[in-house]
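Chemist: 3D, please:
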Amino acid sequence: MGRATPADGSYSEHVITLEEAQRIVLEACGPLVPVDVELSGALGLVLATDVRAAEDVPPFTNSAVDGYAVVAADTSGVAASSPVELDVVGEIAAGAGPPADALRTGQAIRIMTGAPMPLGADAVVMVEDSERFDNERVRLSARVESGAAVRSVGGDVRVGEQVFSAGTVVTPTVAGVLASINARTVRAYPAARVGVLSTGDELVTDGSPLGPGQIRETNLTMLDPLLAAAGCVVTSFGVVPDDERQLESVLREAAAANDAIVTSGGVSMGDYDIVKAVLGRVGAMQWMQVAIKPAKPFAFGSITRAPGTAPADADADGSARRGVPVFGLPGNPVSSLVSFEMFARPALRRMMGHQRLARPSVVAVADTELRRRTDGRVHLVRVVADFAPDGRVHVVPVPAQMSHQLAATALANALAVLDDGDGIAAGDDVAVLLLQ
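Modeler: You can find the predicted model right below:
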């Protein structure tokens with residue numbers, strides 16, 4: 001596998017497969033310690049324990065529609081030309097209690113959606129099938145069976161029922177259900193705190209004119225929202241100049257306050273770089289050459305956090321955490337993006353308790369040929385994916401595929417996975433990772 005930087009800056013290349021690199025990363029990134037979270041702050045988090053209902057939903061039998069609560073048998077003789085007429089003996093609004101007296105045959109009560117059913121009533125006739133007259137009488141033109149338009153107590157959830165299992169993501173709908181059973185606090189995996197930084201004297205961030213050899217910073221601008229979209233709490237440490245002392249200070253500061261660190265730049269094999277020198281000194285790193293294109297160079301390891309610093313120094317199973325994971329992404333922007341998607345994002349999702357780590361994958365149709373040459377690597381081709389009238393996803397490549405050509409990649413919403421070989425002919429199936 002990859003190896004630490006030798007003292008003389010030399011390297012012997014050792015290429016590993018994508019699957020092996022992913023295994024190394026995922027095995028080192030266990031779930032964080034679960035915490036109790038107020039429901040209002042749980043959106044997007046993953047439940048760490050099963051959730052059982054402490055209350056029935058609904059908590060009382062109520063009307064599913066606006067209409068009239070009736071004894072169903074009173075409508076048995078209703079026909080198109082022969083409605084039934086009943087006495088209206090009251091009205092129940094949502095939030096009100098039912099009347100003390102039970103409804104009797106020949107009577108009806110005006111009732112609103114969500115209002116409790118009165119005693120004696122066993123069905124509701126919708127207001128659209130009624131005609132009020134003489135103020136205290138109603139003419140009903142629909143025949144209903146017992147239970148019609150009635151929500152029974154516990155009809156959605158029963159006390160003691162397991163509503164959600166551990167591993168469930170708290171979506172807005174899940175949050176609504178949790179509120180309905182009065183689960184005001186849940187046990188969940190916290191959002192990973194991630195420090196992100198880039199390195200290089202050549203990077204310009206302030207909009208000033210470019211000097212000789214300078215370029216605009218792009219990777220932090222891209223990685224920050226990618227991390228946030230993955231559910232992480234992001235702290236940007238900005239661009240760190242090529243100064244070993246300053247970089248070491250930033251890395252140690254990031255390790256003290258975060259669950260993981262993402263760096264961009266300085267991980268290519270063969271190039272002596274301060275990132276390698278500093279990470280090799282403060283962390284236990286592996287410098288990988290992964291058999292993929294783009295994003296062949298990738299660094300992964302950990303920095304030991306100083307004792308007593310937050311967050312907690314343990315995994316979800318209670319074992320001591322070996323250190324703060326560090327994901328060293330390549331500097332070329334497209335390589336940085338692909339490396340993030342293949343390694344950092346799945347690992348961070350595992351730390352946050354997710355069970356589905358990778359992006360969704362589908363078998364798509366290549367609308368144009370996706371040719372490549374045999375080189376021992378898996379090619380990850382940036383493509384635009386869309387549903388076609390045949391109900392399948394179809395893909396076409398973006399016009400530029402070099403690792404520095406971010407403008408073209410920005411139009412892509414998927415990665416086509418091309419195994420080693422000659423590629424894919426137009427009309428053939430191709431495996432695709434959907435990025436959006």
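Chemist: go ahead and confirm Ser152 touches Thr61.
Modeler: Yes - assessed by Cβ atoms under 8 Å, Ser152 is found in contact with Thr61 at 5.4 Å. Using the backbone N, CA and C atoms, a C-beta is placed for each residue, glycine as well.
Chemist: ok, those two, which is more surrounded?
Modeler: For Ser152 versus Thr61, the count of surrounding residues by other Cβ atoms under 10 Å is larger for Thr61: 17 against 13.
Chemist: ok, back up a step: need the overlap of contacts for Ser152 and Thr61.
Modeler: Counting by Cβ atoms under 8 Å, 6 or more residues apart in numbering, Ser152 and Thr61 have no shared contacts at all.
Chemist: got the phi and psi for Asp206?
Modeler: Main-chain torsions, Asp206, degrees, to the nearest 10: phi -100, psi 10.
Chemist: quick one: contacts for it?
Modeler: With contacts defined as Cβ under 8 Å, 6+ apart, Asp206 is in contact with no residue.
Chemist: how much space separates it from Glu136?
Modeler: Relative to Glu136, Asp206 is positioned 78 Å away (Cβ to Cβ, to the nearest Å).
Chemist: helices of the stretch 251-400 of the chain, residue ranges please.
Modeler: For the stretch 251-400 of the chain, the helices identified by DSSP state H, counting those that start in this stretch occupy 274-282, 333-339, 345-351, in order along the chain.
Chemist: walk me through the domains of this protein.
Modeler: For the chain, automatic domain parsing gives the domain ranges 15-33+191-351, 41-57+157-188, 62-151, 361-434.
Chemist: in CSV: those, plus mean pLDDT.
Modeler: Shown next, in CSV, are the domains of the chain (pLDDT from 0 to 100):
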stretch, mean pLDDT
domain 15-33+191-351, 89
domain 41-57+157-188, 97
domain 62-151, 95
domain 361-434, 94
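Chemist: quickly compare the helices of the stretch 251-400 of the chain and say which is most buried.
Modeler: Stretch with highest mean neighbour count among those: helix 333-339 (a mean of 26; mean count of other Cβ atoms under 10 Å).
Chemist: can you tell me which of the helices of the stretch 251-400 of the chain is nearest to Arg371?
Modeler: Arg371 sits nearest to helix 333-339 of all these, at 18.8 Å, using Cβ to Cβ.
Chemist: please work out which residues outside that closest one touch it.
Modeler: Here helix 333-339 has contacts from 218-219, 222-223, 226, 264, 292, 294-298, 327, 329-330, 380, 382, 402-406, 409, 415, using Cβ under 8 Å, 6+ apart.
Chemist: just the buried subset of those residues, please.
Modeler: By neighbour count, with 16 or more other Cβ atoms under 10 Å, the contacts of helix 333-339 hold 218-219, 222-223, 226, 264, 292, 294-298, 327, 329-330, 380, 382, 403, 405-406, 409, 415 as buried.
Chemist: rewinding a little: from the domains of the chain, which stretch is densest packed?
Modeler: When the domains of the chain are compared using mean count of other Cβ under 10 Å, domain 15-33+191-351 is most buried, at a mean of 19.
Chemist: just to revisit the earlier point, if you look at the contacts of helix 333-339, which of them are in strands?
Modeler: Among the contacts of helix 333-339, the residues falling in strands (DSSP state E) are Ser264, Ile292, Pro297, Phe298, Phe327, Leu329, Leu380, Arg382, Leu415.
Chemist: distance to Ala188 added to those residues, as TSV?
Modeler: Converted to TSV, the ones in strands among the contacts of helix 333-339 look like this (distance: Cβ to Cβ, whole Å):
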residue	distance to Ala188
Ser264	30
Ile292	33
Pro297	35
Phe298	30
Phe327	23
Leu329	28
Leu380	32
Arg382	34
Leu415	30
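Chemist: relative to Gly200, which of these is nearest.
Modeler: Ser264 (8.9 Å).
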